[in-house]
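Trainee: give me the fold of what follows.
(one chain, ligands or ions: 1)
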Amino acid sequence: MADLTVEISGVQFRNPVFVASGTFGYGLKLKDTLPVGSLGAIVTKGLTIRPKEGNPPQRLIETPCGLINSIGLENIGIKEFIKAKLPELKKLSTKIIVNISGDSERDYFEAVEIADSTDGIDIIELNVSCPNVEKGGMEFGRNPKMLEKLVRGVRERTRKPLWVKITPNFVDIVEEAQAAVSGGADAITAINTLLGMHVDVENKKFTIPRKFGGFSGPAIRPVALYIVWKLVQSVDVPVVAIGGIDSLNAALQFFFVGASAVQIGTANFIDPRTPFKIIEELGEYLEINGHEKISEIIGVLN
Ligand SMILES: Cc1cc2nc3c(=O)[nH]c(=O)nc-3n(C[C@H](O)[C@H](O)[C@H](O)COP(=O)(O)O)c2cc1C
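Mentor: Numbers count the residues shown, from 1 in each chain. Below is the predicted model of the structure:
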């Protein structure tokens with residue numbers, strides 16, 4: 001068997017295929033039907049210091065080759081997550097990445113302090129790129145100075161590996177990633193959703209009450225691929241890729257341009273077996289092509 005293990009920010013993963021935040025719940029719903037422990041990592045639904053109800057419906061709209069969501073970070077809050085979900089998650093032989101959001105610096109700091117002192121959380125992924133909330137979220141990602149300050153403050157509060165998930169919307173993405181690295185990020189995750197909109201023509205209204213949402217799925221893959229390629233050249237920390245990855249071929253494109261791992265998002269809604277198929281096919285691909293290790297194909301185009 002080819003060696004699929006990767007090391008990112010000092011953490012060893014059994015393989016480089018993870019499930020993306022918000023697309024696999026807290027990781028437990030499917031544990032009786034799918035071998036969730038065989039994933040490289042589970043990234044939790046976005047967590048905040050206080051529970052959040054999220055946005056009013058309609059929250060999901062299918063588009064050609066994509067999805068617009070306006071979930072608005074509905075979640076049970078980090079304390080309840082640690083109490084109700086983490087004990088079961090810890091039993092799985094996969095890494096647990098906690099995705100943290102906040103309305104303010106203080107919110108982020110409080111949630112990170114809790115995550116830092118909790119066993120079983122392997123990595124903190126800071127979401128500074130959610131387009132679906134009024135406060136915080138993407139506003140941090142769009143302002144490099146604010147972002148650097150936030151990441152520095154978070155860095156001071158945790159020894160756990162810190163990844164920052166950045167936004168592709170209305171930013172110089174390289175400047176944004178560099179600000180996160182200057183603040184102390186150990187890796188960059190890219191990309192979060194693009195901004196998107198849908199109009200209900202029959203009723204002459206915006207389909208989503210907040211008017212716009214986050215656009216994801218195979219339609220955004222070329223944008224994500226370009227950004228990941230660009231970031232790999234521009235920052236000296238690992239880049240973890242997300243955006244429309246739904247097959248081995250799509251995952252390979254990201255590995256070839258230098259992604260250290262891939263996260264599968266919207267594809268989980270179409271078929272939750274997708275990440276497991278990609279893991280299996282990746283092993284077969286390496287063997288057929290005479291590679292002993294996944295590292296032999298990462299960045300071959302750089
Ligand atoms: C329904 C839904 C909920 C999401 N929730 C979160 C979230 O809570 N935190 C986060 O960082 N990203 C969230 N995302 C963004 C995804 O993790 C991912 O970055 C994005 O969808 C692009 O990848 P994809 O095209 O593979 O879906 C969400 C995406 C979707 C579709």
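
Trainee: leaving out sequence neighbours, find the closest residue to P272.
Mentor: The shortest distance from P272 to any non-neighbouring residue, by C-beta to C-beta, 6 or more residues apart in numbering, is to L30 (5.8 Å). (Glycine included, C-beta is placed from N, CA and C.)

Trainee: give me the beta-bridge partners of whichever residue of the stretch 101-250 of the chain sits closest to the ligand?
Mentor: Per C-beta to the nearest ligand atom, the residue of the stretch 101-250 of the chain with the smallest distance to the ligand is S216, at 3.2 Å. Bridge pairing for S216 (DSSP bridges) gives the partners L67.

Trainee: count of neighbours near the residue nearest to P272?
Mentor: Neighbour count for L30, taken as other C-beta atoms under 10 Å: 15.

Trainee: try T207
Mentor: 16.

Trainee: measure stretch 56-76 end to end?
Mentor: End-to-end distance for stretch 56-76, by C-alpha to C-alpha, to the nearest Å: 17 Å.

Trainee: list the buried residues of it.
Mentor: 58-59, 61, 66-76 (16 or more other C-beta atoms under 10 Å).

Trainee: how about the residues of this protein near the ligand?
Mentor: Neighbours of the ligand within the chain, by C-beta under 6 Å from any ligand atom: 20-23, 45-46, 67, 69, 71, 73, 99, 127, 130, 165, 192-193, 214, 216-217, 220, 242-245, 265-266.

Trainee: I'd say the residue nearest to P272 and L39 touch.
Mentor: No - in terms of C-beta atoms under 8 Å, L30 does not count as a neighbour of L39; the distance is 10.4 Å.

Trainee: name the nearest residue to the closest residue to the ligand within the stretch 201-302 of the chain, ignoring sequence neighbours.
Mentor: Closest residue of the stretch 201-302 of the chain to the ligand, C-beta to the nearest ligand atom: G265 (2.5 Å). Nearest non-adjacent residue to G265, counting by C-beta to C-beta, 6+ apart: A20, 3.6 Å away.

Trainee: equivalent analysis for P209, please.
Mentor: P56 (5.1 Å).

Trainee: roughly how far apart are that neighbour and the ligand?
Mentor: Computed as C-beta to the nearest ligand atom, to the nearest Å, the P56 to the ligand distance reads 15 Å.

Trainee: kindly state the pLDDT recorded for that residue?
Mentor: As predicted, P56 sits at a pLDDT of 94.

Trainee: on the three-state scheme, it is what?
Mentor: coil (DSSP: H, G, I helix; E, B strand; the rest coil).

Trainee: kindly report the same for I61.
Mentor: strand.

Trainee: contacting residues for it?
Mentor: I61 is in contact with 67-69, 198, 207-208, 213, counting by C-beta atoms under 8 Å, 6 or more residues apart in numbering.

Trainee: what about these, which are in strands?
Mentor: 67-69, 213 (DSSP state E).

Trainee: how about this protein: which residue is closest to the ligand?
Mentor: For the chain, the residue closest to the ligand is G22, as judged by C-beta to the nearest ligand atom, at 1.9 Å.

Trainee: count of residues packed around that residue?
Mentor: For G22, using other C-beta under 10 Å, the count is 26.

Trainee: ok so, going back, ok, the residue nearest to G265 touching I264?
Mentor: Yes - contact status for A20 versus I264: in contact at 6.1 Å, counting by C-beta under 8 Å.
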